[in-house]
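J.: what would the 3D arrangement of this be:
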Amino acid sequence: MFEHVTVLKEESVEALAIRPDGIYVDCTMGGAGHSSLIASRLGEQGRLIAFDQDDIALENGRIALAPFGERVHMVKSNFRYLRSVLGRLDFVPKKDGVPQVDGILFDLGVSSPQLDEADRGFSYNHDAELDMRMDRDSDLTAREIVNEWSAEDIARILFEYGEEKFSRKIARTIEEARKAGPIETTGQLVELIKEAIPAAARRTGPHPAKRSFQALRIAVNDELGAFEDALEQSIQCLAPHGRVAVITFHSLEDRICKHAFAKYVEKCTCPPDFPMCVCGTKGIVRLVHRKPLLPSDEELQRNSRARSAKLRVAEKLDV
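T.: This next block holds a predicted model:
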């Protein structure tokens, strides 16, 4: 059974300012929490396009979203192909060949069932095959990274994607261990990570393998590259006054979102001593909130996984 507690559900859907006849995209359907709420606010002419690359999530979505009938169109795809997928849908209007929709949502948290399901290899709390693929049809697995990548490349992803300060030591420990035979399971990897991290550091903070597992998951699925591609496309594909809402869960994702939005916000390039703006620089989006929205205390009590969540929202200008 696919059970997932949706984070910032009301806040993110409210931020999209749903119109009953609008076209909306949930790039990360997951447990269908956001999708169900969006679909419930659509009229007969409205449409929701729900993306996911996980077969279990898609099967759950077919059940959860069945009451909304033809208002919902599900797509098995990585969201990095957003523009291409939208371009193939007849009911999505185009402007100069670019698809135009009224709202796009990203919830970048990994669904709880994926984290908790033992055989997916995402969790450091279950001994399972080293996998970590969101889409099981893709080729790269955590096993390949751990056993075949150089220590230098492993250390790089642990540091860049997991902000793991013991990344080099962990990578060297992995490199040494695999000389005796391949590292096949999450349990084996957890023990190697623990061995590499000093005892004093293991006694404080989160689970010692948390950062490394996050980094491997991001690398296996190219999550940051896919998100950066999709966010750029989402700004292109928004109709005037359409909105993109992004829920991030760690600093790397949030930085990408913050910088992408800032890139398209209007900025005057005139020298500071000019009495008035003459550069004519125009932005493409405006920030709906100056600072990101955070989960309420009530939500944090219900779901500890929401603790690091941030919601950023931008609106397309009529340009």
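J.: could you use CA atoms for every contact and neighbour count after this?
T.: Fine.
J.: nearest residue to residue 42 other than its sequence neighbours?
T.: Among residues not flanking residue 42 along the chain, residue 20 sits closest, at 4.1 Å (Cα to Cα, 6 or more residues apart in numbering).
J.: what's the distance between the one you found and residue 103?
T.: 12 Å (Cα to Cα, to the nearest Å).
J.: between these two, which one's more packed in?
T.: residue 103 (29 against 16; other Cα atoms under 10 Å).
J.: now the element after the helix or strand of the chain with the lowest mean pLDDT, going C-ward?
T.: None of the helices or strands of the chain scores lower by mean pLDDT, DSSP states H and E than helix 112-116, at a mean of 61. Next helix or strand after helix 112-116 toward the C-terminus (DSSP states H and E): helix 142-148.
J.: what sits up against that following helix?
T.: Residues from elsewhere that reach helix 142-148 (Cα atoms under 8 Å, 6 or more residues apart in numbering): 129-133, 154, 174-175, 178, 182-185, 216-217, 220.
J.: if we go to 7 Å?
T.: With contact meaning Cα atoms under 7 Å, 6 or more residues apart in numbering, helix 142-148 is reached by 130-132, 178, 182-184, 216, 220.
J.: before we move on, what about stretch 292-307?
T.: For stretch 292-307, contacts defined as Cα under 7 Å, 6+ apart pick out 7-8, 309-312.
J.: can we see that at 6 Å?
T.: Residues outside stretch 292-307 that contact it (Cα atoms under 6 Å, 6 or more residues apart in numbering): 7, 310-312.
J.: stretch 106-122: end-to-end distance?
T.: End to end - Cα to Cα - stretch 106-122 spans 20 Å.
J.: I meant to write stretch 79-93 there.
T.: 19 Å.
J.: list the buried residues for it?
T.: 79-80, 82-83, 85-87, 92 (16 or more other Cα atoms under 10 Å).
J.: could you do stretch 67-78 as well?
T.: Counting neighbours by 16+ other Cα under 10 Å, stretch 67-78 gives 68, 71-75, 77-78 as buried.
J.: what pLDDT does residue 298 get?
T.: According to the prediction, residue 298 has pLDDT 92.
J.: surely it is in a helix?
T.: Yes - Residue 298: assigned to a helix according to DSSP: H, G, I helix; E, B strand; the rest coil.
J.: how near is it to residue 7?
T.: 12 Å.
J.: could you pull out the strands for this structure?
T.: If DSSP state E is used as the criterion, the strands of the chain fall at 23-26, 47-52, 72-76, 94-95, 98-99, 101-107, 238-248, 285-287, 310-316.
J.: closest one to residue 119 among those?
T.: strand 47-52 (19.2 Å; Cα to Cα).
J.: done for today, thanks.
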